[in-house]
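sequence plus the predicted model coming up.
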Amino acid sequence: MEIPKNIDQTEAMLASGRYMADRSLATAAFLALKLNRPLFLEGEAGVGKTEVANVLAATLSRRLLRLQCYEGLDVATAVYEWNYARQMIEIRLAEATGEESRERLADDVFDRRFLIERPLLQALEPHDEGPPVLLIDELDRADEPFEAYLLEILADYQISIPEIGTIKAKAPPVVVITSNRTREIHDALKRRCFYYWIDYPSAQRELEILRVKVPDAEEALSRQVVGFVQRLREEDLFKVPGVAETLDWTRALGQLDVINLNSDVVSNTLGVLLKYQDDVAKVEGAPAARILEEIKAKAVLPVAGG
């Protein structure tokens, strides 16, 4: 699929991949695609940042390359490393055949066939289906020196390998960077990107997402789930549930043949929504029952089509 020509097409493209993006996110994605700039998505865990890259790769029919960031991430894991075992075998074979030229041997062992390409280098290589989608996931987990190295790569979409030279992308990849904001990312990197904060969705949008992602769920149950989760996000919790937890909870309730929320069901399945024991302890029992009464006492969401 070609790059969309306008924001409407971008919104429709994301929707075809079952991603319910609002207009502002579709605008940011469109500009990033058209101007070959990285799309920097920040927000709480579970709001759908990573899914944007997955949907872009699927709808554009491009290869998805994912670099999962973590503390201690280095060039060997993110960019490239030499296959030292194969190089040693090559050296032993050269010695056995009487090869004496050190320059020729060096050229042989530092040939591209001994290079192990990692996601950042792979993203610069040509691909039959077009430039890949490069997902740099949870950049805030990586160390600041790696962030600085990444800035150099994104500046010109090229990587310098001392033994080979500079490898430059003929066409820049589609880059999506995500962050859970556990630390601030340097302004210099953000300036090279189109920035967008993905917040928790409104009740109506979350219901739309639920209808698309879990179409088999009963409408009444979906409305109760969204109402409960929306209300839960107002509580003083260490980690409130994201959209991913809303979807997981709905699927779990479906497996249990639940068609109507009650206190027992909520208490027995809170572990799907909340991932910290302190949060579970705050909600289970009377607080959960109170929230259930609140959402059932008022029309949290309008009836579909009404």
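Yep, that arrived.

from the chain's centroid, how far away is stretch 215-230?
Stretch 215-230 has its average C-alpha position 25 Å from the chain's average C-alpha position, going by CA atoms, centre = their mean, to the nearest Å.

tell me the buried residues in it?
Within stretch 215-230, the residues that count as buried by 16 or more other CB atoms under 10 Å are 217, 221-230. To be clear about C-beta, it is placed using only N, CA and C from the backbone, and glycine gets the same treatment.

what does stretch 137-154 give?
So stretch 137-154, judged by 16+ other CB under 10 Å, has buried residues 137-142, 146-147, 149-150, 153-154.

check which helix or strand covers the residue lying farthest from the centre of the chain.
Using CA atoms, centre = their mean, the residue of the chain lying farthest from its centre is Gly98. It sits 51.7 Å away. If you go by DSSP states H and E, Gly98 is not part of any helix or strand.

residues contacting the closest residue to Thr246 other than its chain neighbours?
Spatial nearest neighbour of Thr246, excluding adjacent residues (CB to CB, 6 or more residues apart in numbering): Val229 at 5.0 Å. Residues in contact with Val229 (CB atoms under 8 Å, 6 or more residues apart in numbering) are 206, 241, 245-246, 249, 273.

run through the stretch 51-200 of the chain and note the low-pLDDT ranges.
Low-confidence segments of the stretch 51-200 of the chain, defined by pLDDT under 70, are located at 99-107.

the helices in it, which residues?
Secondary structure of the stretch 51-200 of the chain by DSSP state H, counting those that start in this stretch: the helices cover 75-78, 84-96, 102-109, 119-122, 144-156, 187-191.

pick the most buried one from these.
Comparing the helices of the stretch 51-200 of the chain by mean neighbour count (mean count of other CB atoms under 10 Å), helix 119-122 comes out on top with a mean of 20.

run through who's touching it.
65-67, 78-80, 132, 134, 150, 153, 159, 167.

and it, how far out from the chain's middle?
For helix 119-122, the distance to the chain centre is 17 Å (CA atoms, centre = their mean).

again, but for stretch 274-286
Using CA atoms, centre = their mean, the offset of stretch 274-286 from its chain centre is 27 Å.

show the average pLDDT along it.
Across stretch 274-286, the average pLDDT comes to 94.

and the contacts of that stretch?
232, 235-239, 241, 245, 263, 266-267, 270-271, 291.

at 7 Å what do you get?
The contact list for stretch 274-286, computed with CB atoms under 7 Å, 6 or more residues apart in numbering, reads 232, 235, 237-239, 241, 267, 270-271.

so which of these is surrounded by the most neighbours?
Pro241 (24 neighbours; other CB atoms under 10 Å).

pLDDT score assigned to that one?
96.

what about the residue nearest to it when sequence neighbours are not counted, neighbour count?
Distances taken as CB to CB, 6+ apart put Leu273 closest to Pro241, at 4.6 Å, once the chain neighbours are dropped. Using other CB under 10 Å, Leu273 is surrounded by 23 other residues.

for Leu273, grab phi and psi.
For Leu273, the backbone dihedrals (degrees, to the nearest 10) come out as phi -90, psi -40.

ok, it to Phe114 distance?
Noted for Leu273: a distance of 49 Å to Phe114, by CB to CB, to the nearest Å.

ditto for Pro215
From Pro215 across to Phe114, the span is 49 Å (CB to CB).

what do you get for Ile3?
Distance of Ile3 to Phe114, given as CB to CB: 36 Å.
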